[in-house]
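Visitor: Structure of the sequence below:
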Amino acid sequence: MSRHLGDGTTCLVGVLLTSQPLSAIPTAPLTIPSLHVISDQFRKWKDNYNNIPALLRESREASAFAKVFYMKGSAHLSQSDFNLLFPNTCRRYFHANQAADKVMHANIRAGVQFLRVVGIEGVQGEGDNIFEEEIDEWVELEKDV
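Guide: Numbers count the residues shown, from 1 in each chain. Prediction:
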């Protein structure tokens, strides 16, 4: 999801579902604020994991806000409603070992708070400290990049 802010800036919330490594997908430099939510399986895919620091560096150099999170035990399908609808299938065949509602809850909280942080108007509710608080098995990658 990409959204223009009032000052012409754009932000990105990325949930990447792909069967190709990041290095095989042609992209432009990422120079906008960005939040990336990946699965534990994506993190274990070494070619993609090794591309994360450069991706974050591009965004941080241009905008100062770039974060990548994952929930331990999550599968690619954990990022969609499929895992909520068919948790036993996802657990058995796709190794989604984390509770579907826990993954979705963290993803939604992060997405909404990101929209607040980058100044999207009309985001309802109080601020959320999801980027600072410790949540069991919700991990931020590459803090120091």
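Visitor: and the longest helix belonging to the chain, which residues are buried?
Guide: What stands out as the longest helix in the chain, according to DSSP state H, is helix 100-117. Neighbour-count burial for helix 100-117 flags 100, 102-104, 106-107, 109-115, 117 (criterion: 16 or more other C-beta atoms under 10 Å). Every residue, glycine included, has its C-beta placed from N, CA and C.
Visitor: Distance to residue 54 added to those, as CSV?
Guide: Listed next are the buried residues of helix 100-117 as CSV, based on distance: C-beta to C-beta, whole Å:
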residue, distance to residue 54
100, 31
102, 30
103, 26
104, 29
106, 25
107, 24
109, 27
110, 22
111, 23
112, 27
113, 25
114, 21
115, 25
117, 22
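Visitor: Please identify which pair of those lies farthest apart.
Guide: Across the buried residues of helix 100-117, the longest distance by C-beta to C-beta is 25.9 Å; it joins 100 and 117.
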